[in-house]
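Peer 1: please work out how this folds:
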Amino acid sequence: FGKTVLFVTHDIDEAIYLSDEIYVFTARPGRIKTKVTVNMERPRKQEDLTSPAFMELKNHLMGLLAEEQQTAQAAEMIS
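Peer 2: Numbers count the residues shown, from 1 in each chain. Alright, predicted model coming up:
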């Protein structure tokens, strides 16, 4: 149909499985930290959830979120 849909989720697996692009936000104030392109074939299958490409992307996203968590904790300690 040529439609664009915006999903907001905290579930990394869901984001990868459903998305072509994922935007990772910063800690407060929430701004776009980075855009990650999901280069996986469509339609995605259940087996994709355990593929090496999926796991690599998941680890990358978890690393980006961990950076933001550390930034937020450091800012809390300062204030």
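Peer 1: and the longest helix seen in the chain, average pLDDT?
Peer 2: When the chain is parsed with DSSP state H, its longest helix is helix 52-78. Mean pLDDT, helix 52-78: 94.
Peer 1: which positions in that helix come out as buried?
Peer 2: For helix 52-78, the neighbour count (16 or more other CB atoms under 10 Å) marks 54, 57, 61, 64, 65, 68 as buried. Any C-beta I mention is one placed from the backbone N, CA and C, and that applies to glycine too.
Peer 1: ok so residue 23 is a strand residue?
Peer 2: Yes: checked against DSSP: H, G, I helix; E, B strand; the rest coil, residue 23 lies within a strand.
Peer 1: can you redo the buried residues of helix 52-78 as CSV with distance to residue 44?
Peer 2: Formatted as CSV, the buried residues of helix 52-78 follow (distance: CB to CB, whole Å):
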residue, distance to residue 44
54, 9
57, 12
61, 16
64, 21
65, 22
68, 26
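Peer 1: which of those residues lies closest to residue 25?
Peer 2: For the buried residues of helix 52-78, the closest approach to residue 25 (CB to CB) belongs to residue 68, at 7.7 Å.
Peer 1: that closest one reaches residue 31, doesn't it?
Peer 2: No: taking contacts as CB atoms under 8 Å, residue 68 lies outside contact range of residue 31: 10.5 Å.
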